[in-house]
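Trainee: show me how the following folds:
(chains A and B)
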Amino acid sequence: MEKNPQIIRLSGRIDATTAPGMEKELFSGIEEGTRAMIIDLEAVDYMSSAGLRVLLSALKKMKSVGGEVRLSSLQPHVREVFEMTGFSRLFTICADIDDAQTSF
Amino acid sequence: MVFLKGGEWEEVPGLDGVTIYSYIRKVDIASSNSYIISFCDAIVFIDPGGLPEQAATLLREIELQRARKDRPVLIFLTHVHLDHCLSLLTDPGFRNLPRQILFVQDSGANSLECGDRKATIADLVELDYEKTDVDVHLFCGDETESGIIIDVTPDGEIEFSAPDRDCRKNIPSETIRLENGDEIEVYHTPGHSPDSICIRVGEVLFCGDLVFATAPGIAGLTGWDRKELDTTIQRVLSLLSEEKITVCLPGHGRPMDTASTVSALLAIQKEAQGLDGIHEVNPEWARKTALFGRSLMSEVDRLFTIIAGRLVYVSHVLEELEERGEAARMEDLIDSGLVDELLSDFNRFSSDLQAGNKREIHLALKAGQIAAKLKRLFRKDLLATVLDLSLLRRIERHLEDYNVTFRGFCPLARIECTDIAISMGEIVANVVRPPYHDEDIILAPDEESFARALALRIAWVNLFEKMKFEYSPGLSLPLVLMDNERFEDTVIFILEKLSVAGVPSINISSRVDKDGVTMSLEGVAGGRVPLDRQAELFARNSTDLSGGGFSLRSSEDEFCIELTYPVGETGSMNNADAGKVSEK
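Mentor: Just a heads-up that it's a prediction; the model follows:
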């Protein structure tokens, strides 16, 4: 497994307006060869279903090339959305970036 | 059929050589439509509106007309709400127009002259204006004096003539007559406001805000009068049937033909019948409604995100299981992209309010608009085939509650004598009970039933698998007065919040005292915030609507949430058989 995973830090609201930009960022990392990715959500204070959709697409794309994704530092609102939608069953969620790095 | 496109000079239907420039805006309360009519001997200007860019365009068109032929400018206000006249009151360009004559219905004119903030809704939209003199007070006398003729000379001189008894109409009217005989007829049409008028030029009727008189957030404005509105609608319907009027130009939005206007007025007349007792739309109403709207929309946002996210999750798992047909069906159950856009739009609006760029009345109206659109997108019958009914019921209730509040009434609560111990016991049991049976999957008669049963199973998320409930209902609790469904929704909301906050166990108990029966939810906080400020506000409102009182005490170590309901009048004892329910 890759020693130094790519860390992508997202911030603010991830909704219908901002999700396309996030998708571009996540996908370009995978297309450039990243096979271990940490998506840091510490500065994300809101996530809508559009954000969940993009994260799931990135996860599927990463899995299709044999890579792995970790999510780290979820804020209470985002954690709630993950737990209540079932998304917490799909992703490996880590307490912080250090945890995420050692989990690969 | 004659259509006016707006944004250019067009012939006025029914009048040779008279042209109109229509400035048509989308419907909002920032500014009205505006209209300029170029007669041979005068320029008539109806409702200058409330926005600077609109004022600049209109002033330019008036100046061009005056450059072609210098004439007096007769300014009419369909009423004195500031969205129709703020520019006139504040823009020096309008105030300095030479030979202008301002015509306003008498009570509206008095309001402008004394700086009345309620009648002009200046208090509601939080804007200021200077007191302004009005040249001609229309409809000064009672209805028997209807029919007055006001002659305007090319120099801008005014002369009043006695009513012509033979020309009396069913609707109070006055006529402004120009040098060459052209006429502008005005009708007093109170209801939306006491000073509302409609104006007729040729085959065109300028009807102000009459067609919006029952809209939520509009009906109930200061001066709104249901009975007068009813009379006005009957009179305008008669006018439309008796006179040759082919186009109605409203104060907001697109032109309407006569048939559409008649349909709209009949619908308004019917709707108005249900509006007796409506709350006055004033700054206090706007503040409370905006606050309620923000709190409800935040919860609606959370629930829609859960619904849409859960459908994405179920669809994904079904795809992995190669159940592509059912996976695709999940994606079609709701237009989550549009829901997302609407909620983002509301959030931006809310941020604008916090930044001081919007007013509370704007947010109250915006929430009403978004709630109505969400309601249309929400197909409970379809979603119920796969999702938790409690989620769906709560969304439906919140949207309806806002709609009712926005409409000017109180949300409906069915307060009944209820056995709160049994209610709480059912909630505790139901939140951990799966909504499916394994037999439905095993014994599915066909592929479709199998896929549906599978989807239902995947969609169920047990939020409480890591939370331990201890419920001690207590014995011999009296019946309480509450709305049982609202109580259930409130408790489930609180339990969800406590679960996702990571609270490991909840102890639910009851007590009876002079205030009634109190259900206490206690637990170890462990440094967590059990309910954040917004969740606490929502829980408080929700408990209030269920007929109870809410309190929260919390420290670093522990918390206690209490819901208290008054004892029912019968005071019957119950709960004799209720034992201790424990769920893990």
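Trainee: going forward, measure contacts between C-alpha atoms and count neighbours the same way
Mentor: Fine.
Trainee: tell me who's in contact with the spatially most central residue of chain A.
Mentor: Residue closest to the mean C-alpha point of chain A, counted by Cα atoms, centre = their mean, is A:Ile39 at 3.9 Å. Shown in contact with A:Ile39 (Cα atoms under 8 Å, 6 or more residues apart in numbering or on different chains): A:7-10, A:69-72.
Trainee: so it, which of the three states?
Mentor: strand (DSSP: H, G, I helix; E, B strand; the rest coil).
Trainee: let me see the mean pLDDT of whichever helix or strand B:Arg294 is part of.
Mentor: Applying DSSP states H and E as the criterion places B:Arg294 in helix B:283-320. If you average the pLDDT over helix B:283-320, you get 93.
Trainee: that helix near chain A at all?
Mentor: Yes. Contact of helix B:283-320 with chain A (Cα under 8 Å from any Cα of the partner chain) involves B:302, B:305-310, B:312-313.
Trainee: export those to CSV and append columns for neighbour count.
Mentor: Compiled in CSV, the residues of helix B:283-320 next to chain A are given as follows (neighbours: other Cα atoms under 10 Å in any protein chain shown):
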residue, neighbour count
B:Arg302, 21
B:Thr305, 25
B:Ile306, 22
B:Ile307, 25
B:Ala308, 26
B:Gly309, 25
B:Arg310, 28
B:Val312, 26
B:Tyr313, 25
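Trainee: which helix runs longest in chain A?
Mentor: In chain A, with assignment by DSSP state H, the single longest helix is helix A:49-64.
Trainee: give the buried residues for it.
Mentor: By 16 or more other Cα atoms under 10 Å in any protein chain shown, the buried positions in helix A:49-64 come out as A:49-62.
Trainee: and the gap between the residue of chain B found nearest chain A and B:Leu333?
Mentor: Residue nearest to chain A within chain B: B:Arg310 (4.3 Å; Cα to the nearest Cα). Computed as Cα to Cα, to the nearest Å, the B:Arg310 to B:Leu333 distance reads 11 Å.
Trainee: give me the number of residues near residue 20?
Mentor: Because you didn't say which chain, this covers chain A. 14 (other Cα atoms under 10 Å in any protein chain shown).
Trainee: chain B was what I was after
Mentor: Considering only other Cα under 10 Å, B:Ile20 is surrounded by 22 other residues.
Trainee: what's across from it in the sheet?
Mentor: Applying DSSP bridges to B:Ile20 gives these bridge partners: B:Glu10, B:Ile37.
Trainee: surely it touches B:Ser38?
Mentor: Yes. Taking Cα atoms under 8 Å as the definition, B:Ile20 is a contact partner of B:Ser38 at 6.2 Å.
Trainee: distance check, the closest residue to B:His81 other than its chain neighbours against B:Gly93.
Mentor: Spatial nearest neighbour of B:His81, chain neighbours left out: B:Thr120 (4.3 Å); criterion: Cα to Cα, 6 or more residues apart in numbering or on different chains. Distance, B:Thr120 to B:Gly93, using Cα to Cα: 21 Å.
Trainee: before we move on, what about B:Ile494?
Mentor: B:Ile494 is 57 Å from B:Gly93, by Cα to Cα.
Trainee: quick one: which of those two has more around it?
Mentor: Shown here are B:Ile494 and B:Gly93; by other Cα under 10 Å, B:Ile494 has more neighbours (19 against 13).
Trainee: now do the SS call for the more buried one.
Mentor: helix.
Trainee: please apply the same query to B:Val512.
Mentor: At B:Val512 the chain is in strand, as set by three-state DSSP.
Trainee: show me where pLDDT drops low in chain B?
Mentor: Scanning chain B for pLDDT under 70 picks out B:1-3, B:143-144, B:164-168, B:570-584.
Trainee: which positions in it make contact with chain A?
Mentor: B:302, B:305-310, B:312-313, B:336-337, B:340-341, B:344, B:459, B:461, B:463, B:500-501.
Trainee: pretty sure A:Ser72 contacts A:Gln101?
Mentor: No. Between A:Ser72 and A:Gln101 there is no contact under Cα under 8 Å: 9.6 Å.
Trainee: okay, the closest residue to chain B within chain A and B:Asp544: tell me how far apart.
Mentor: Of all residues in chain A, A:Thr85 sits closest to chain B, at 4.3 Å by Cα to the nearest Cα. With distances taken as Cα to Cα, A:Thr85 is found 28 Å from B:Asp544.
Trainee: looking at those two, which is more packed in?
Mentor: In terms of neighbours (other Cα under 10 Å), A:Thr85 is the more surrounded of A:Thr85 and B:Asp544; the figures are 26 against 20.
Trainee: next one: phi and psi at the more buried one?
Mentor: Here is the backbone geometry of A:Thr85 (degrees, to the nearest 10): phi -90, psi -20.
Trainee: circling back: pLDDT wise, what is the closest residue to the residue of chain B closest to chain A other than its chain neighbours at?
Mentor: Of all residues not flanking B:Arg310 in the chain, A:Thr85 sits nearest, at 4.3 Å (Cα to Cα, 6+ apart). We have a pLDDT of 94 for A:Thr85.
Trainee: before we move on, which element is the residue nearest in space to the middle of chain B in?
Mentor: Centroid-nearest residue in chain B: B:Gly368, 3.2 Å away (criterion: Cα atoms, centre = their mean). Element membership of B:Gly368, judged by DSSP H and E, is helix B:360-377.
Trainee: do B:Ser241 as well
Mentor: Here B:Ser241, judged by DSSP H and E, is contained in helix B:226-242.
Trainee: that helix - contacts with which helices or strands?
Mentor: Counting contacts by 3 or more Cα pairs under 8 Å, 6 or more residues apart in numbering or on different chains; DSSP states H and E, helix B:226-242 is packed against helix B:258-272.
Trainee: check contacts around the residue nearest to B:His81.
Mentor: B:80-82, B:111-112.
Trainee: what is the nearest of these to B:Asp142?
Mentor: B:Ser111 (18.4 Å; Cα to Cα).
Trainee: any idea how far that closest one lies from B:His81?
Mentor: Distance of B:Ser111 to B:His81, computed by Cα to Cα: 10 Å.
Trainee: looking at those two, which one has more neighbours?
Mentor: Using other Cα under 10 Å, the more surrounded residue of B:Ser111 and B:His81 is B:His81, with 28 against 20.
Trainee: so the more buried one sits right up against B:Lys118, yeah?
Mentor: No. Applying Cα under 8 Å, one finds B:His81 not in contact with B:Lys118, separated by 9.1 Å.
Trainee: ok so B:Phe94 is a strand residue?
Mentor: No. Using three-state DSSP, the secondary structure at B:Phe94 is helix, not a strand.
Trainee: which non-adjacent residue is nearest it?
Mentor: Spatially, and ignoring its direct neighbours in sequence, B:Phe94 is nearest to B:Leu88 (5.5 Å; Cα to Cα, 6+ apart).
Trainee: try B:Glu159
Mentor: B:Asp151 (5.1 Å).
Trainee: could you tell me whether the one you found really is in a helix?
Mentor: No. Read with three-state DSSP, B:Asp151 is strand and lies in no helix.
Trainee: where are the low-confidence patches of chain A?
Mentor: Flagging of chain A using pLDDT under 70 yields the residue ranges A:1-3.
Trainee: my guess is B:Met330 contacts B:Tyr313. True?
Mentor: No. Assessed by Cα under 8 Å, B:Met330 is found out of contact with B:Tyr313, at 9.4 Å.
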